[in-house]
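> Here you go, sequence then predicted model.
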Amino acid sequence: MRTSSKAEGERPVRIATEVVRQHAELVAFLWAQRDSWSAEDPPDAKVIAQIDERLETNLDGLRIAGTATWPFLIAQHENFPEKGELFAFAWMALELADGGKVAQAVEFGSLTADDAKGLVGALAWHKPAAIGPFVREWIGSQDAFTRFLGVSSCIVHNVDPGATLARLVKDNDSRVRAAALRLAGQLRRFDLGRDVQSALEHGDERVRLWASWALVELGSGDLTRQELRKIATAAGPHAMVAMRALVKAGPHKDIRAWMGGLMRTLPTAPLAVRGIGMLGDRSVLAWLIERMREPHVAVAACTAFLELYPEAREETKLFTVDPMELGSAFAKHFEDDVVRLALPDKVKTWLAQTATTRS
């Protein structure tokens, strides 16, 4: 990346600008790709690890270029202010501990509609000691968004802010309060159990969700099963978090009975099929293969299968993105939707072959 015909002490180091530009663009692209893959249900850990290797290589390029990266990072964020570009800008600001640029990144993040994913991602990528001075300032801020950043930083690094968390789980801002409740559960802050329970009465679903989730982590899932079921069956953005919390809360006998009720109606059947995969019981595979033959639950059946058999990801011939491969009923049901479906006959054969190999 650097070119110089003499020692660096004799003349300024020249930067290969096009190479720096490419590093900046690739950092933004790769992190956005990583974030999208991480949101898959279930995520593919192998693919994410491969992206991380490429991302770190390009971050090294930015490290070497140092402050010479700013024209490219600024320009790309101005031209395309999305999560990947915010990650690249914020990561470099934190890397250089540039207070002015960090403040600018915070301002950019406050304007996003996705809880500043790129900025939180940049905070996650740095070690706690490096971002500590900023986080300590943010978490006690009068500004709700910067408090949210402070709590989010503690979440991604599993850091306990101590007595401050007792105040944050009662924060007037719903986003801050939800994040603080999540952190309380993650850290097993049993001392905050009463405050967590009181949040179940809050008007914001996110607050109720993370209060419910935290109570499960604190061993009090019996207090919140009704709320979690309500959130899960609403099929909103928090459905899968609620479903996993329900499965963890148990008991599995009750969860199975509840899922059986969900199977009786078309709108809730996919949730039940997806939930089966979360139970971790491979004895349901014969039943699950039959669900792969039913268009309205086929996507959920494929996802549940992948959770139970993550090694099947390597067998690309088990899946299709063309519903017509499964017949006209599938083509009609999905129309132009882009979906991944399991091919039940091939899955059945693969399972038989795998069982033979193991024996």
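Looks like it arrived, so ask away. Numbering: from 1, shown residues only.
> C-alpha from now on. contacts and neighbour counts both.
Fine.
> Which residue ranges of the protein form strands?
Secondary structure of the chain, counting by DSSP state E: strands at 2-3, 14-15, 319-320, 341-342.
> Report the contact partners of R194.
By CA atoms under 8 Å, 6 or more residues apart in numbering, the contact set of R194 is empty.
> Relative to P310, how far out is it?
R194 sits 39 Å away from P310, going by CA to CA, to the nearest Å.
> Wait, F89 touches H77, no?
Yes: counting by CA atoms under 8 Å, F89 does reach H77; the two are 7.5 Å apart.
> Looking at those two, which one has more neighbours?
F89 (30 against 19; other CA atoms under 10 Å).
> And the more buried one, how far from R313?
In terms of CA to CA, F89 sits 34 Å off from R313.
> D35 now?
19 Å.
> Next: E217.
According to CA to CA, E217 and R313 sit 30 Å apart.
> likewise S36?
Distance from S36 to R313, by CA to CA: 17 Å.
> what do you get for R194?
Where R313 is concerned, R194 sits at a distance of 43 Å (CA to CA).
> Over to K230?
K230 is 32 Å from R313, by CA to CA.
> So for G185, what's the nearest residue that isn't a sequence neighbour?
With CA to CA, 6 or more residues apart in numbering as the criterion, G185 has its nearest non-adjacent residue at 3.9 Å, and that residue is A214.
> Tell me the pLDDT of the one you found.
Looking at A214, its pLDDT reads 98.
> same thing with L223?
We have a pLDDT of 91 for L223.
> The one 3 residues further on too?
As summarised for this prediction, Q226 has a pLDDT of 93.
> One more: V106?
For V106, the model assigns a pLDDT of 98.
> Which positions in stretch 259-275 come out as buried?
259, 262-263, 268-275 (16 or more other CA atoms under 10 Å).
> same deal with stretch 128-137?
Burial within stretch 128-137, assessed by neighbour count using 16+ other CA under 10 Å, is assigned to 128, 131-132, 134-135.
> same check, this time on stretch 313-325
For stretch 313-325, the neighbour count (16+ other CA under 10 Å) marks 318-319, 322-323 as buried.
> what sits up against that stretch?
Counting by CA under 8 Å, 6+ apart, 306, 312, 330-331, 334, 338-344, 346-347 sit against stretch 313-325.
> what does stretch 269-284 give?
Residues outside stretch 269-284 that contact it (CA under 8 Å, 6+ apart): 232-233, 235, 243-244, 247, 252, 256, 259-260, 262-263, 288, 291, 296-297, 299-301, 303-305, 307-308.
> For ChimeraX, what selects the buried ones among the residues you listed?
Applied in ChimeraX, the following selects the buried portion of the contacts of stretch 269-284 according to 16+ other CA under 10 Å:
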select :232,233,243,244,247,256,259,262,263,288,291,296,297,299,300,301,303,304,305,307,308
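> how many other residues sit next to L96?
A count of neighbours around L96, defined by other CA under 10 Å, yields 15.
> Phi, psi for it please.
Dihedral pair for L96: phi -90, psi 0, per degrees, to the nearest 10.
> returning to what we had before: which among the contacts of stretch 313-325 gets closest to A24?
Within these, distances to A24 taken as CA to CA reach their minimum at V338, with 30.3 Å.
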